[in-house]
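> mind folding the following:
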Amino acid sequence: MQNKRFSPFVSSKNSIGKVMLDVIIALLPLCAFAFYTYRIWFLIVLGSALGGAILTEILFSGILLKKWRGILDGSAIITVLLLVFTISPLTPWYVAAFGGSCAVLFGKILWGGVGKNKFNPALVGREFMTVFFPLVMSSGDIWSTKRIRYVYEVEWFDFIPNAHWAEFLNELFFVPTGALGEYSAVFLLLGGIYLIFRRRISWHIPAFLLVSFLSFLWIFEDQNLNYSLGGILLGGIFMATDMPSSPSSPTGKSYYGLMIGLVAGLCIQFGAGFEYMSYSILILNGFSTKINQVFMPRTWGTKTDWPKKIEEVFLLTLSVLTVTFAVLSLHYYGYIPYLIYIYIIYIIFKFNFSFSKKLHQPI
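Below you'll find the model as predicted:
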């Protein structure tokens, strides 16, 4: 008897679950370092954020999107991990839970679900935490973590005769300062290499981001700018490469990475404080669609109109810089909360009148 087959056939080894699993694997060493340093404190922050995210995923994804098993795809777990990696181990549990909930609701669900978000969900959640709990998130107390550390340093390379090189290598592997995901530059890079090897991300965004940012530092080397290499790597490898909110073409990704590095440098230069990577990535998230249009691959058999292309890139760059300085002005005068309020109103109305009608359309 002949086997009957039905068409069309859709077969893919890159299911959402498998992609998310690879990202989780890449993030596991960072989890190990965070737990190694702060033990129960890390677990409290992670558990609180995860609890808020899972509860929100179950309730709102089920009610609004009719997807009761959305939590199984792993996207909420990755969102929470990235969110937790941007905050202090002393962040109060209720603030972490609030951030996890907002990241999933306002960063993913109200956009229509996984793969449809315009902005990186983890950074959306972090900005909600900053706006609704400003005293907590801006307090120096939550960043004074020496008293709760179980480990202050590693001595893995002390066998090297040159003390300077030994210290340098030790700090590349482990420096327990800053946010929870910034402690190991080496394992951040290894996580990125793993994702590139698995073809979950491309090298363009993190590479061009680093080139741009390091060039900015070289130009303004006498300004004594405060930044975290771990924070730059965390943002460049794991957040800026978020597929739904980043460009798709290699040239678009390269430009996108260059501009994130430049905007991050400007944010540091003009006093954005701890928000420099959040602002830079979220700003460029907003231009992702336009970047795709400007850097659309050339149709086979056609010639590039270079004067027009240069004009488009110039106007795009001017637009990015204009928005950047507008955001920095809002930050300086304390008006960023109003921007978040506008975002909340916009996304709710957008969901009610647009996204909710397209819930069953493919990504």
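
> what about Met20, helix or strand, and which?
Using DSSP states H and E, Met20 sits in helix 16-38.

> longest helix of the protein?
The single longest helix within the chain, with elements called by DSSP state H, is helix 306-333.

> quick revisit: which strands or helices does the helix holding Met20 pack on?
helix 40-56, helix 75-84, helix 185-197 (3 or more C-beta pairs under 8 Å, 6 or more residues apart in numbering; DSSP states H and E). Every residue, glycine included, has its C-beta placed from N, CA and C.

> now do the buried residues in the helix or strand following the shortest one.
Per DSSP H and E, the first helix or strand lying C-terminal to helix 75-84 is helix 93-107. For helix 93-107, a neighbour-count test (16 or more other C-beta atoms under 10 Å) marks 95-107 as buried.

> Ile16 contacts Ser75, doesn't it?
Yes - between Ile16 and Ser75 there is a contact under C-beta atoms under 8 Å: 7.1 Å.

> need the residues touching each of the two.
Val114 (C-beta atoms under 8 Å, 6 or more residues apart in numbering).

> any idea how far Ile219 is from Thr322?
21 Å (C-beta to C-beta, to the nearest Å).

> not counting its neighbours along the chain, what's nearest Leu195?
Nearest residue to Leu195 in three dimensions, chain neighbours excluded: Ile201, at 4.6 Å (C-beta to C-beta, 6 or more residues apart in numbering).

> neighbours around the one you found, how many?
Neighbour count of Ile201, defined by other C-beta atoms under 10 Å: 23.

> what strand or helix carries it?
Judged by DSSP H and E, Ile201 forms part of no helix or strand.

> so it makes contact with Gly192?
Yes - Ile201 is within contact range of Gly192, at 7.3 Å (criterion: C-beta under 8 Å).

> poorly predicted segments of the stretch 1-150 of the chain, please.
Scanning the stretch 1-150 of the chain for pLDDT under 70 picks out 1-14, 65, 68-72.

> can you give me the helices in the stretch 201-350 of the chain?
204-219, 229-234, 250-269, 276-286, 288-294, 306-333, 336-353 (DSSP state H, counting those that start in this stretch).

> show me the one of those helices that comes nearest Leu90.
If you check each of the helices of the stretch 201-350 of the chain against Leu90 by C-beta to C-beta, helix 229-234 wins as the nearest, at 17.3 Å.

> still on that earlier bit, any idea which of the helices of the stretch 201-350 of the chain is most buried?
helix 276-286 (a mean of 25; mean count of other C-beta atoms under 10 Å).

> quick one: contacts of that one?
Applying C-beta under 8 Å, 6+ apart, the contact partners of helix 276-286 are 86, 118-120, 123-124, 126-127, 227, 231-232, 234-235, 239-240, 245-246, 256, 259-261, 263-264, 267-268, 272, 291, 320, 323-324, 327-328, 331.

> and with 6 Å instead?
119-120, 123, 126, 231, 235, 239-240, 245, 256, 259-260, 263-264, 267-268, 272, 323-324, 327 (C-beta atoms under 6 Å, 6 or more residues apart in numbering).

> swap in stretch 211-228?
Applying C-beta under 6 Å, 6+ apart, the external contacts of stretch 211-228 come out as 178, 182, 232, 258, 261-262, 264-265, 268.

> name the spans of the stretch 201-350 of the chain whose pLDDT lies under the cut-off.
301.

> could you redo the last one with a cut-off of 90?
Applying pLDDT under 90 to the stretch 201-350 of the chain flags the ranges 220-228, 271, 273-274, 296-308, 349-350.

> that older thread, which one of the contacts of stretch 211-228 is nearest to Trp306?
Among the contacts of stretch 211-228, Leu258 lies closest to Trp306 (C-beta to C-beta), at 19.0 Å.

> give the full set of residues in contact with the residue lying closest to Ala97 once chain neighbours are set aside.
Among residues not flanking Ala97 along the chain, Gly52 sits closest, at 3.5 Å (C-beta to C-beta, 6+ apart). Residues counted as contacts of Gly52 (C-beta under 6 Å, 6+ apart) are 97, 100-101.
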